[in-house]
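Colleague: Pasting the sequence and the predicted coordinates here, then a few questions.
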Amino acid sequence: MVMATASSASQSPFDFLPQPTQDAELLQQLGFVPGLKELLMVRQVHALEHATVWVLSQLSDIALPSPVDDRLLGGMSTDRGFYLYGEVKTTAVRRAVYAALHRLVSGEWDLAIHPRCGTNLSVGMLMTAGLALGIHLLIPKGPIEQLVGLGVAAAAAMHLAPDVGGLAQRYVTTAIPFNLAIDQIHAMTDSAGRPVHFVQVHWIEPH
């Protein structure tokens, strides 16, 4: 991943200004929809997960002599919090999580978007499949033409996926965590003995 410096709210990647009450109001109006709150929670947790990875890649001081190589980190978001996979000290995770939440809700909304998010991979796969099907239907059925068409589809999807995936993150899979409060940070290991942290959160109403 390429390092990125967080920008101010005036340089927001969003075409609209995220509002602290937007998800709370949506939940108030449509709270009868099954799973809505969990969905809203996952979107906000997903943004916090991304921001935490960004902050870890920027931390550098006496306690943490060099930034964490975020290419060695992985994450998975749930409606209760997110898992952070990788060799990171709990003290660094704690600092990064609280800093990430503060910076996000203070206007550094670009921290919610991450180029290595699985959304980009999913979008790329869907685009490749869609373009391949379209080209298959449009070009001659010979094996050479079909093989060339598949290559064109894959190349086009690879070129477009980062931008389209970024849009999907902005408007679909993440949301600024105005309604999240951090509970606890649990250090553990997975089934293979690799270090994992779970950042537990809960829903709060906006101030």
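Modeller: It's in. Residues are numbered from 1 along each chain as shown.
Colleague: Show me which residues of stretch 192-201 are buried.
Modeller: 196-199, 201 (16 or more other C-beta atoms under 10 Å). For every residue, glycine as well, the C-beta is placed using N, CA and C.
Colleague: from those residues, which is closest to Val105?
Modeller: Nearest to Val105 among the buried residues of stretch 192-201 is Val201, at 12.9 Å by C-beta to C-beta.
Colleague: give me the element the closest one is part of.
Modeller: strand 195-203 (DSSP states H and E).
Colleague: average pLDDT for that strand?
Modeller: Strand 195-203 carries an average pLDDT of 96.
Colleague: I'd like the distance from it to the chain centre, please.
Modeller: When distances are taken as C-alpha atoms, centre = their mean, to the nearest Å, strand 195-203 is centred 15 Å away from the chain's centroid.
Colleague: Could you list every helix and strand that it packs against?
Modeller: If you count contacts as 3 or more C-beta pairs under 8 Å, 6 or more residues apart in numbering; DSSP states H and E, strand 195-203 packs onto helix 36-56, strand 81-85, helix 90-105, strand 180-189.
Colleague: tell me the angle of the first one relative to strand 195-203?
Modeller: For helix 36-56 and strand 195-203, the angle between their directions (axes from the mean of the first three to the mean of the last three C-alpha atoms, to 10 degrees) works out to 130 degrees.
Colleague: next one: the third one
Modeller: Computed with the same axes, to 10 degrees, the direction of helix 90-105 lies at 40 degrees from that of strand 195-203.
Colleague: Which positions in helix 90-105 come out as buried?
Modeller: 92-93, 95-97, 99-101, 103-105.
Colleague: now those residues in JSON lines, with distance to Gly75?
Modeller: Formatted as JSON lines, the buried residues of helix 90-105 follow (distance: C-beta to C-beta, whole Å):
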{"residue": "Ala92", "distance to Gly75": "15"}
{"residue": "Val93", "distance to Gly75": "11"}
{"residue": "Arg95", "distance to Gly75": "17"}
{"residue": "Ala96", "distance to Gly75": "12"}
{"residue": "Val97", "distance to Gly75": "11"}
{"residue": "Ala99", "distance to Gly75": "16"}
{"residue": "Ala100", "distance to Gly75": "12"}
{"residue": "Leu101", "distance to Gly75": "15"}
{"residue": "Arg103", "distance to Gly75": "17"}
{"residue": "Leu104", "distance to Gly75": "15"}
{"residue": "Val105", "distance to Gly75": "19"}
